[in-house]
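Q: fold the following, please.
(3 chains)
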Amino acid sequence: MTQAPIISFKGVNKIYNNGTVGLKDISFDIPRGQFLVVVGLSGAGKSTLLRTINRMHEITSGEITIEEEPINDYKGQSLRLLRRKIGMIFQGFNLINRSSVERNVLSGRVSYYPTWKTICGLFTKADREMAVRSLQRVNLADKLYTRADELSGGQQQRVAIARTLMQDPKIILADEPVASLDPLTTATVMDTLQRLNREDGITVIVNLHSVALARKYADRIIGLRAGQLVYDQPIAAVTEADLNRIYAEGEQV
Amino acid sequence: MTTMTVMTKPHRTIWQRWNWLLWVVVIGALYYWTINGLKFTGLQESAGAVSQSIVDGLVHPQWSYVYDGSGEDLLSLILQTLAIAFLGTIVSAVISVPFAFWAARGTHERFFLRSGSGKVVLTLIRTFPEIVLAIMFIKAVGPGSYAGVLAVSIHSIGMLGKLFSEAIENMDRGSEEAITSAGGRAGQVFALATVPTIMPEFFSYTLYRFEIAVRSASILGMVGAGGIGTPMIFAIQTRNWPKVGIILLGIVVMVLLIDSLSEQLRKRLI
Amino acid sequence: MTYPETPRRSWVQRWHVKGIVGTVVLVVLLIASSRMTGVDVGMFFSNFGQFMNLLVRMSSPAWDYTAVIIQPLLETIQMAILGTTIGAALAIPFAVLSASNLIHSRLLRGVTRLFLDLVRTLPDLLLAAIFVAIFGIGSTAGVVTLAIFSFGMVSKLFYEVIETIDMGPLEALESVGASKVTIIWYAVLPQILNQFISYFLYTLEINVRASTVLGYLGAGGIGVFLQRSLNEFNYSQTAVIILATLVVVLVIDGISNHLRRVLL
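A: Reported below is the predicted structural model:
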């Protein structure tokens, strides 16, 4: 890797207001185009780590740079532009349940519109066409006008992916994207993320607690325990025993 | 809750063993005070005869009052009652929204004072008797249904504001998070995520409040604030029981119709 | 790769017919209602002075009046307690008769529920006016009004509780041939007692609020004094009554909320 990393953590600490340590002295780089899987027990800080990247969570000290720009001091417009290039997928899909799939997908485009146009629902024709294309990429174009809450869990998560595609993201953060899905739909969602990673070169960072899935999709796996980075290996070097240790030792604590 | 009664505590202190006795004494004393305090004297000897004529009147309602084209008949006044309830509820729902956001506990503890003060204000509004409000508004705009609309509008804020603020507190914030993380501004998050998520609940509560408002609008007339209550109180005072009978029938049918209509609407829109 | 065709919207969806029709209906109803009720925003503001004058007079409460109203306030609470108790006691058999898991006869259940629905349609002040005509001015009319009012409310709350009980113990008793009364006493009552008491307290809260205005029509309690002060344009007394009522309602709510938390 001669290219500069797209994301870089330098000594990042996060302490919550109530004194709980969220992240402790995290330092590592993520090269452009990587499919990175973060593993660890729940409460290990995976979610926090992910959300510091798009500043949905603030860090207490240290520095995060994205495309070599420190993001700590971003505010207002610069923060919104940062978030625009980072798509986010959630465990609970976080769709607007009672709105149509089209509207949900278009809402990924908010950062390109002034507030009043959003309120009036004035999206351009080009963006509506883009919404159809995004849905085609997740194989859901036939659901364009369906209400989001009428879809199955796996379909909802794919709508959420189509929504982030509207941002033209360089990075996709996925926080336990398959935790509430059955095995079959899990595979379609993970395959979709993999396709975006390979075809569009989007850097994908996924939190998972399934070791099997991590091994199947990751280029590289990092492990967190109690807010600390305890494991970091490219997929070729990952062994079953390593992964089991991340979980097993955590349980003894 | 059911298992509580089944669990046997191995070591009960004397206090735990006997505190039911304390409750018996307290409740007993309360009822002794209650029954002794109330005076049931002054019962009219005519009570039996009056009841008899009321039942007679209810059985033989004055059908001619239903519609006579004068605008003072049952149908017109029922419609007027519904209009008071409807207008009052809509106005109140609109005013309640800012109150609700004021009183809703935010995600940050530093807003504790703000939401606390909002809750106190809503409680005060809720406790202020609607009848007194109606009388106050009669002083301001004269007797009639306008005063009724104002009374319903203001009084309903107390309850709608509370229900709305609880809906805001308990709402799923997932879609808001999604729009924020996509780079949306606060206004866009509100329009795209908050409003569509919260609207159906607001709507459902407003319908529920409308059902209650129909009942109160039908009695506000008793103090002169318009609607069916005014002829009702006159009919009672003049002991015109057949007229009381037909008005009662009208109110019962109106309330039943509105309740089932609102239930249908709620099922359909959620 | 071929994608499935994007669906077409029907013209109803395309032109947002439902939304537009809904909005139009709402606007028409609003206009019709304001015509019918003679709403005139200007009038409110032109008479605003009078309204303010009233508020100003209310904002200087006649504190010495407090002593006069303590007794009627207590009477109000007594009316609420007695009325709620009678209403709740009457409600229990009707709640049992309405519960679908205890009464299998659809006809009996239907008739009982219809009766309860009818009772619930009657507003409290209307009942008060009628009972004042029957019993004469005084707290008796108030107690009866509150009893019927809470009967309608409590019976519905109660049968909804009964319908959520765990049927296991019930079926066990039924299988050994226990009588209905035995079943209710040993299998139903223990499961629902706490919720019954909780709803009883909740109804009491509502009745305390309701009872403060019943007297306006002569049904006893503080409302009698409320009506007197308003008729005599003695707004400084009205203010004291309202404030005192507020205190009583808040205290009762506080006690009842505390008890309900302990119970559930």
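
Q: count of residues packed around the residue nearest to C:Gly83 when sequence neighbours are not counted?
A: In space, and not counting its chain neighbours, C:Gly83 is closest to C:Leu146: 2.6 Å by Cβ to Cβ, 6 or more residues apart in numbering or on different chains. Just so you know, the C-beta spots here come from the backbone N, C-alpha and C atoms, and that holds for glycine as well. C:Leu146 has 34 neighbouring residues, counting by other Cβ atoms under 10 Å in any protein chain shown.

Q: extract the C-alpha set from the particular helix or strand that has C:Leu146 in it and format it as CSV.
A: Using DSSP states H and E, C:Leu146 sits in helix C:139-162. The C-alpha trace of helix C:139-162 is given here as CSV (Å, rounded to 0.1, in the frame of the first residue of the first chain):
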residue,chain,number,x,y,z
SER,C,139,-74.0,16.1,47.6
THR,C,140,-76.3,13.2,47.1
ALA,C,141,-76.8,14.1,43.4
GLY,C,142,-73.0,14.5,43.2
VAL,C,143,-72.3,11.1,44.6
VAL,C,144,-74.8,9.4,42.4
THR,C,145,-73.4,11.2,39.3
LEU,C,146,-69.9,10.2,40.1
ALA,C,147,-70.9,6.6,40.9
ILE,C,148,-72.5,6.2,37.4
PHE,C,149,-69.7,8.1,35.7
SER,C,150,-67.1,5.9,37.3
PHE,C,151,-69.1,2.8,36.8
GLY,C,152,-69.0,3.3,33.0
MET,C,153,-65.3,4.0,33.0
VAL,C,154,-64.2,1.4,35.5
SER,C,155,-66.2,-1.4,34.0
LYS,C,156,-64.4,-1.1,30.7
LEU,C,157,-60.9,-0.8,32.3
PHE,C,158,-61.7,-3.8,34.5
TYR,C,159,-62.9,-6.2,31.8
GLU,C,160,-59.9,-5.3,29.7
VAL,C,161,-57.7,-6.4,32.6
ILE,C,162,-59.7,-9.6,33.1
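
Q: any buried residues in stretch A:50-69, and which?
A: The neighbour-count check on stretch A:50-69 (16 or more other Cβ atoms under 10 Å in any protein chain shown) flags A:50-57, A:59, A:62, A:64-66 as buried.

Q: and the end-to-end length of that stretch?
A: 18 Å (Cα to Cα, to the nearest Å).

Q: how about it and chain B, touching?
A: Yes: using Cβ under 8 Å from any Cβ of the partner chain, stretch A:50-69 comes into contact with chain B via A:54, A:56.

Q: from the buried residues of stretch A:50-69, pick the one nearest A:Ala148.
A: A:Met56 (21.6 Å; Cβ to Cβ).

Q: do stretch A:172-189 and chain C come into contact?
A: No: judged by Cβ under 8 Å from any Cβ, stretch A:172-189 makes no contact with chain C; its nearest approach is 15.4 Å.

Q: same question for that stretch: list its buried residues.
A: Buried residues in stretch A:172-189, counting neighbours by 16+ other Cβ under 10 Å, are found at A:172-178, A:181, A:185-189.

Q: of the residues you listed, which belong to strands?
A: A:172-175 (DSSP state E).

Q: could you dump the residues you listed to a markdown table with distance to C:Val262 and pLDDT?
A: Below are those laid out as a markdown table (distance: Cβ to Cβ, whole Å; pLDDT from 0 to 100):
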| residue | distance to C:Val262 | pLDDT |
| --- | --- | --- |
| A:Ile172 | 50 | 92 |
| A:Leu173 | 46 | 93 |
| A:Ala174 | 45 | 92 |
| A:Asp175 | 40 | 91 |
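
Q: closest one to chain B out of the residues you listed, please.
A: A:Leu173 (8.1 Å; Cβ to the nearest Cβ).

Q: for the helix holding C:Leu146, packing partners?
A: helix C:66-98, helix C:106-121, helix C:124-135, helix C:189-214 (3 or more Cβ pairs under 8 Å, 6 or more residues apart in numbering or on different chains; DSSP states H and E).

Q: out of those helices, which comes closest to B:Gln52?
A: Closest among the helices and strands packed on helix C:139-162, using Cβ to Cβ: helix C:124-135, at 10.1 Å.

Q: ok so, going back, turn the buried residues of stretch A:50-69 into JSON lines, including secondary structure.
A: Formatted as JSON lines, these follow (DSSP: H, G, I helix; E, B strand; the rest coil):
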{"residue": "A:Leu50", "secondary structure": "helix"}
{"residue": "A:Arg51", "secondary structure": "helix"}
{"residue": "A:Thr52", "secondary structure": "helix"}
{"residue": "A:Ile53", "secondary structure": "helix"}
{"residue": "A:Asn54", "secondary structure": "coil"}
{"residue": "A:Arg55", "secondary structure": "coil"}
{"residue": "A:Met56", "secondary structure": "coil"}
{"residue": "A:His57", "secondary structure": "coil"}
{"residue": "A:Ile59", "secondary structure": "coil"}
{"residue": "A:Gly62", "secondary structure": "strand"}
{"residue": "A:Ile64", "secondary structure": "strand"}
{"residue": "A:Thr65", "secondary structure": "strand"}
{"residue": "A:Ile66", "secondary structure": "strand"}
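
Q: with pLDDT and distance to chain C as added columns, please give the residues you listed in JSON lines.
A: What follows is the buried residues of stretch A:50-69, written out as JSON lines (pLDDT from 0 to 100; distance: Cβ to the nearest Cβ, whole Å):
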{"residue": "A:Leu50", "pLDDT": "91", "distance to chain C": "31"}
{"residue": "A:Arg51", "pLDDT": "91", "distance to chain C": "34"}
{"residue": "A:Thr52", "pLDDT": "91", "distance to chain C": "37"}
{"residue": "A:Ile53", "pLDDT": "91", "distance to chain C": "32"}
{"residue": "A:Asn54", "pLDDT": "88", "distance to chain C": "30"}
{"residue": "A:Arg55", "pLDDT": "89", "distance to chain C": "35"}
{"residue": "A:Met56", "pLDDT": "88", "distance to chain C": "33"}
{"residue": "A:His57", "pLDDT": "88", "distance to chain C": "34"}
{"residue": "A:Ile59", "pLDDT": "88", "distance to chain C": "40"}
{"residue": "A:Gly62", "pLDDT": "88", "distance to chain C": "44"}
{"residue": "A:Ile64", "pLDDT": "90", "distance to chain C": "38"}
{"residue": "A:Thr65", "pLDDT": "89", "distance to chain C": "38"}
{"residue": "A:Ile66", "pLDDT": "89", "distance to chain C": "33"}
